[in-house]
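A.B. asks: sequence first, predicted model second:
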Amino acid sequence: MRTGLPLLAAAALAAVATGAAYLFGPGAGESPAASVTKPAATAPDAAPCEADARYPKRELRGVWIATTMNIDWPSKPGLAVDRQKAEYTKILDSAAKRRMNAVFVQVRPASDALYKSSLEPWTQYLTGTAGKDPGWDPLPFLIQEAHKRGMEFHAWFNPYRASYGDSTAKLPATHPARQHPDWTVKFGGRLYYNPGLPAVREHVVKVITDVVDRYNIDGVHFDDYFYPYPVAGAKFDDTAAFKKYGEGKKLAEWRRDNVNKLVAEVDEAVHGAKEHIKFGISPFGIWRNKAQDPTGSSTAGMSAYDSIYADARAWIEAGTVDYVLPQLYWPRGFKVADYNTLARWWAGEVKGSGVQLYIGQGLYRVGARDDRAWTRPGELAAQVGVNRQYKQIRGEVYFSAKQLLTNPLGAIDRVATTYYSRPALLPIIKKLGGTAPAPPADIKASGTTLSWQPSDRARAYAVYQVPEQGKTCHTTDARNLVAIVTSPSYTAKAAGTYLVTSLDRLQHESDAVKVKTG
């Protein structure tokens, strides 16, 4: 997905396939003791409200943080640890300012590690030298800082890229591709692991399970890179593996089956290790076109199913992913890959499946002058508006963090002002289990500062302000949601009546307790 030429690569290849010019492709004084009522969910003012679509109660809002080629973080190799930390927290603060609630951080760009690993060498993007120990393990810090801001941390892996070069001799001695050159295929000047080899699948699953076991991540994430994107005049030579393991299938069918097997194996391993961890994939935005399959989308771009052997429909139908996050990096009205058309198509694909749908948004495209649509400051916000028309679309993730900081044309601020004016809880994925924690206990108010005793299993708390007039709608939407905090306290901007609930790590929500300040 976003490696090499990040998500940029996907968009770029689509551009080539379609002839488009796409180059690449989160007070008052002291008061008496708080007045606390029974849980607000049973109080008279908690009668059901009609949901206000402007303020969804639950919505994923994320950003991709690409480490490959130092696209987003760190800004360049060899930085001091304190500088690396400062750059990362700046990204998170920028995301928090826009009320985002998830980050997708690339921890394995090319069979290397952004964390201490016994299975693969240190990534070169920390120090400038592949295999060199950076002197610290960044991953605990990256996770902790995200959690501190109430954000989920999804560890993003590229499953099959082995190296940006095509020589194993230049890799660190501990690199799996150097130790097992028979696992690799040279293609387009790069080195890839052969998806058709059981040993490759075993290694990828082992790498991911190692991270799941040792780190407090919330999700495992794949991008759109499976079999490599087509390169003119180049052939992916997996003939020997096909002869050995093809079992009479056609080559394209066998390749798709190899990817499907890996997806199923990762799904089983992740949930077998920790039930609550989410596993999802961000496929290329076009599954198939109608010209290739009458059930495909009314588009005319590259087909992920036929070109890189990624069958997102199969993952959805098999339930081997918890979510899909298609990369829709084209504007509304773009003839060969219209955003409206694709949003509608993907919404239809997940309907009734139990698999959640988020949309990958092309923030990096904003301001690009090769397409007039992207020179309009409101195009990105308008796309989020399209998403809100479909109940199956449960949020967005933006590529990438660099543009979150630069805010081209003010586009991401426009999204935040128009659509993210309130915080949002994360969508619940029922099959991952979890239950609501106990409500906050011993809640008190001192001036406008609320405090309470931590609830067992609570990772965060939601704070709602009760309107002076009208009923409380906290169970319906986020119109009254003022904050999601990770510590058992909150300082309100004004005196009034508030509700506080407890949230577990999957954001199942407890009943509310009411407290009056001022």
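C.D. replies: That came through, no problem.
A.B. asks: setting the sequence-adjacent residues aside, check what's closest to residue 117.
C.D. replies: Spatial nearest neighbour of residue 117, excluding adjacent residues (C-beta to C-beta, 6 or more residues apart in numbering): residue 210 at 6.8 Å. C-beta: built from backbone N, CA, C; applies to glycine.
A.B. asks: what residues are up against residue 380?
C.D. replies: Taking C-beta atoms under 8 Å, 6 or more residues apart in numbering, we find residue 380 in contact with 361-363, 366, 411-412, 414-415.
A.B. asks: just the ones of these in helices?
C.D. replies: 411-412, 414-415 (DSSP state H).
A.B. asks: between the residues you listed, which is closest to residue 71?
C.D. replies: Comparing these against residue 71 with C-beta to C-beta places residue 412 closest, at 16.9 Å.
A.B. asks: how far away is that closest one from residue 396?
C.D. replies: 11 Å (C-beta to C-beta, to the nearest Å).
A.B. asks: do the same with residue 313
C.D. replies: 21 Å.
A.B. asks: before we move on, back to that, may I have the phi/psi pair for the residue nearest to residue 117?
C.D. replies: Note on residue 210: backbone dihedrals following degrees, to the nearest 10 are phi -60, psi -40.
A.B. asks: pipe the contacts of residue 380 into a markdown table and attach pLDDT, distance to residue 282 and neighbour count per row.
C.D. replies: Below are those laid out as a markdown table (pLDDT from 0 to 100; distance: C-beta to C-beta, whole Å; neighbours: other C-beta atoms under 10 Å):
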| residue | pLDDT | distance to residue 282 | neighbour count |
| --- | --- | --- | --- |
| 361 | 98 | 11 | 27 |
| 362 | 98 | 12 | 30 |
| 363 | 98 | 14 | 27 |
| 366 | 98 | 19 | 24 |
| 411 | 98 | 20 | 23 |
| 412 | 98 | 19 | 28 |
| 414 | 98 | 24 | 19 |
| 415 | 98 | 19 | 23 |
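A.B. asks: which of these sit farthest apart?
C.D. replies: Across those, no pair lies farther apart than 362 and 414, at 14.8 Å, counting by C-beta to C-beta.
A.B. asks: circling back: neighbour-wise, which of residue 313 and residue 396 wins?
C.D. replies: Under the neighbour definition other C-beta atoms under 10 Å, residue 313 and residue 396 were set side by side, and residue 396 has more, 25 against 19.
A.B. asks: thought that one was touching residue 386?
C.D. replies: No. At 10.6 Å, residue 396 does not count as touching residue 386 under the criterion of C-beta atoms under 8 Å.
A.B. asks: backbone dihedrals for the residue nearest to residue 339 when sequence neighbours are not counted, please?
C.D. replies: Of all residues not flanking residue 339 in the chain, residue 332 sits nearest, at 4.6 Å (C-beta to C-beta, 6+ apart). Torsion angles at residue 332 (phi, psi; degrees, to the nearest 10) stand at phi -60, psi 140.
A.B. asks: wait, what's in contact with residue 75?
C.D. replies: Residue 75 neighbours (C-beta under 8 Å, 6+ apart): residue 87.
A.B. asks: now do it against residue 210, distance only.
C.D. replies: Using C-beta to C-beta, residue 75 is found at 28 Å from residue 210.
A.B. asks: helix or strand: which one has residue 500?
C.D. replies: Element membership of residue 500 [criterion: DSSP states H and E] is strand 497-503.
A.B. asks: in that strand, what counts as buried?
C.D. replies: 497-503 (16 or more other C-beta atoms under 10 Å).
A.B. asks: can you lay out the residues you listed as TSV showing distance to residue 253 and pLDDT?
C.D. replies: Formatted as TSV, the buried residues of strand 497-503 follow (distance: C-beta to C-beta, whole Å; pLDDT from 0 to 100):
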residue	distance to residue 253	pLDDT
497	62	96
498	58	97
499	55	98
500	54	98
501	49	98
502	49	98
503	44	98
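A.B. asks: closest to residue 50 among those?
C.D. replies: In terms of C-beta to C-beta, no member of those lies closer to residue 50 than residue 499, at 18.9 Å.
A.B. asks: the closest one and residue 463 touch, don't they?
C.D. replies: Yes. Under the criterion of C-beta under 8 Å, residue 499 makes contact with residue 463 at 7.4 Å.
A.B. asks: output the below-cut-off pLDDT ranges for this structure.
C.D. replies: 1-47 (pLDDT under 70).
A.B. asks: please identify which helix or strand holds the nearest residue to residue 163 once chain neighbours are set aside.
C.D. replies: Of all residues not flanking residue 163 in the chain, residue 191 sits nearest, at 4.0 Å (C-beta to C-beta, 6+ apart). Counting by DSSP H and E, the element that carries residue 191 is strand 190-193.
A.B. asks: pop the domain breakdown of the protein in here.
C.D. replies: 6-26+57-429, 432-516 (automatic domain parsing).
A.B. asks: first-to-last residue distance for the shortest one?
C.D. replies: When you say that, I think you mean domain 432-516. Distance between the boundary residues of domain 432-516 (C-alpha to C-alpha, to the nearest Å) amounts to 36 Å.
A.B. asks: same deal with stretch 179-188?
C.D. replies: End-to-end distance (C-alpha to C-alpha), stretch 179-188: 22 Å.
A.B. asks: same deal with stretch 428-443?
C.D. replies: 27 Å.
A.B. asks: just stretch 429-446 next, same as before
C.D. replies: With C-alpha to C-alpha as the measure, stretch 429-446 spans 37 Å from end to end.
A.B. asks: which residues does stretch 113-128 contact?
C.D. replies: 67-70, 74, 77-78, 84, 105-112, 130-134, 137-139, 171-172, 174-176, 203, 206-207, 210-211, 215.
A.B. asks: list buried residues within those residues.
C.D. replies: 67-70, 74, 77, 84, 105-112, 130-132, 134, 137-139, 171-172, 175-176, 203, 207, 210-211, 215.
A.B. asks: sorry, back to before: now the residue nearest to residue 117: how far from residue 269?
C.D. replies: Taken as C-beta to C-beta, the span from residue 210 to residue 269 is 10 Å.
A.B. asks: phi first, then psi, for residue 113.
C.D. replies: Dihedral angles for residue 113 - degrees, to the nearest 10 - are phi -130, psi 140.
A.B. asks: could you say what helices and strands the one helix or strand residue 85 maps to packs with?
C.D. replies: Using DSSP H and E, the element containing residue 85 is helix 81-97. For helix 81-97, the packing partners by 3 or more C-beta pairs under 8 Å, 6 or more residues apart in numbering; DSSP states H and E come out as strand 60-65, strand 102-108, helix 138-148, helix 401-406.
A.B. asks: re the thing from before, residues near the residue nearest to residue 163, how many?
C.D. replies: 27.
A.B. asks: isn't it up against residue 184?
C.D. replies: Yes. Counting by C-beta under 8 Å, residue 191 does reach residue 184; the two are 5.1 Å apart.
A.B. asks: quickly list what's touching both of the two.
C.D. replies: Both residue 191 and residue 184 are in contact with 162, 168, 177, where contact means C-beta under 8 Å, 6+ apart.
A.B. asks: list the buried ones in the helix or strand where the last one lies?
C.D. replies: Read that as residue 177. Per DSSP H and E, residue 177 falls inside helix 176-179. For helix 176-179, the neighbour count (16+ other C-beta under 10 Å) marks 176-178 as buried.
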